[in-house]
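1. Could you look at this predicted model? Sequence included:
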Amino acid sequence: MSGAEARPGETRCDGSADGGQPDGRPQVDVLAARDVPLGGPRAMTVRRTLPQRTRTLIGAWCFVDHYGPDDVSETGGMDVAPHPHTGLQTVSWLFSGEIEHRDSLGRHAFVRPGELNLMTGGYGICHSEVSTSRTTVLHGVQLWVALPGEHRNAARDFRHHAPEPVRTDGAELRVFLGSLVGVTSPVPTFTPLLGAEIVLPPRGVLRLAVEPGFEHGLLIDRGDVRLADVLLRPAELGYVPPGRGTLTLTNESDVTARAVLLGGTPFEEEIVMWWNFIGRSHEDIAKARLEWEESSDRFGAVEGYAGDRLPAPVLPNAVMAPRGNPPRH
């Protein structure tokens, strides 16, 4: 999915990771979403919780869009024309509906509920995303992962994985990246990561053993879920710093709750994220933008999309400077 703003601002790395909360703050920071229109006059609205001013990374996860449930007969659904990516991976995960994916690798695939589609942009790739005519309600998340410096120019790649559901403590989990509850995804990652869908029964409680060196984020899709000592409501993202070996999730509603758990080791590198590019300097971003506008071979071309590709926005007037994580307390 593309950053949809006509004038996107730069995003600087701000992935702090406390080992604890010595100043008495809650154990979980609540990150609220902002609405972003995706597309033209009948734009589908997505709820974006990463990046934002207070936090831009959880592990290497750097972008979280949450959308739906949208009746596509009213919203028009998703129609994102071919657009580029550098220095990142896209992770597509649906709860309902179907999205047609085409990319410059020549891959023509479909994103379906409970199935992971992971695309590596690396040095450069482009793709399109369109909800299919079989879709009545579109609902899911689109996530990005920042690539570490040694792999930020990795070759284009595309992976598909349909994880089997696992039940524990009455909850149902699908682990699409990393390891949790004794299940390990076969999809390789460039940094240690976790990604899982969790479905909790009404009033259910789930205690998860997690990697204490990870920081975690819990995105609530449905229901009211208490994470540690903080109640999270739909569309909110709860952040937990490293140092905890157990996460307790309590569904405090009378409906089945659903959430997406993300995690990873703190991403310590300095990055600049602008539009659909991740680089290490203003020059990286400007070069990628110019090569996209000039139809460089760097990104290739998408075949089979009925329409023009997305033009790149105008660069900001100021020089975009990278920034690293603030010091840990």
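-> Received, thanks. Numbering: from 1, shown residues only.

2. Next, name the residue at the spatial heart of the protein.
-> Closest to where the C-alpha atoms of the chain average out (C-alpha atoms, centre = their mean) is L143, at 1.6 Å.

3. I'd assumed L237 was in contact with that one.
-> No. The criterion here is C-beta atoms under 8 Å, and L143 misses it with L237 at 11.4 Å. The way it works is simple: take the backbone N, C-alpha and C, and place the C-beta from them, glycine included.

4. ok, back up a step: please tell me how far the residue nearest to the centre of the chain sits from V36.
-> Distance of L143 to V36, computed by C-beta to C-beta, to the nearest Å: 15 Å.

5. pull the helix or strand with minimum mean pLDDT from this structure.
-> Here the helix or strand of the chain ranked lowest by mean pLDDT, DSSP states H and E is strand 11-12, holding a mean of 45.

6. Buried ones in the following helix or strand past that strand, by neighbour count?
-> Counting by DSSP states H and E, the next helix or strand C-terminal to strand 11-12 is strand 29-31. For strand 29-31, burial by neighbour count (16 or more other C-beta atoms under 10 Å) applies to 29, 31.

7. do stretch 141-148 as well
-> In stretch 141-148, counting by 16+ other C-beta under 10 Å, buried: 141-147.

8. what do you get for stretch 163-170?
-> So, applying 16+ other C-beta under 10 Å, buried residues of stretch 163-170: P163.

9. How far does it stretch from one end to the other?
-> Using C-alpha to C-alpha, to the nearest Å, the end-to-end distance of stretch 163-170 comes to 18 Å.

10. now it, how far from the centre of its chain.
-> Distance of stretch 163-170 from the chain centroid (C-alpha atoms, centre = their mean, to the nearest Å) equals 22 Å.

11. what stretches of the protein score poorly on pLDDT?
-> Counting by pLDDT under 70, the chain has low-confidence residues at 1-26, 39-43, 323-329.

12. By residue count, what's the longest helix in it?
-> Taking DSSP state H as the criterion, the chain has its longest helix at helix 282-293.

13. The residue nearest to the centre of the chain: which element?
-> strand 137-146.

14. Output the contacting helices and strands for the helix or strand that comes right after that strand.
-> Downstream of strand 137-146, the first helix or strand assigned by DSSP H and E is strand 157-161. Where contact means 3 or more C-beta pairs under 8 Å, 6 or more residues apart in numbering; DSSP states H and E, strand 157-161 is packed against strand 116-120.

15. Give me the residues contacting the strand it packs on.
-> Contact with strand 116-120 is made by 85, 89-93, 101, 103, 109, 111, 125, 127, 147, 154-163, 176-177, 185, 187, 195, as judged by C-beta atoms under 8 Å, 6 or more residues apart in numbering.

16. follow-up on the earlier one: keeping just the C-alphas, turn the strand holding L143 into PDB.
-> C-alpha atoms of strand 137-146 as PDB (Å, rounded to 0.1, in the frame of the first residue of the first chain):
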ATOM      1  CA  VAL A 137     -16.500  -6.100   2.700                       C
ATOM      2  CA  LEU A 138     -12.800  -5.100   2.800                       C
ATOM      3  CA  HIS A 139     -11.100  -5.300   6.200                       C
ATOM      4  CA  GLY A 140      -7.500  -5.800   7.200                       C
ATOM      5  CA  VAL A 141      -4.100  -4.300   7.900                       C
ATOM      6  CA  GLN A 142      -1.200  -3.200   5.700                       C
ATOM      7  CA  LEU A 143       2.200  -3.200   7.400                       C
ATOM      8  CA  TRP A 144       5.800  -2.200   6.500                       C
ATOM      9  CA  VAL A 145       9.100  -3.400   7.800                       C
ATOM     10  CA  ALA A 146      12.300  -1.300   7.600                       C
END
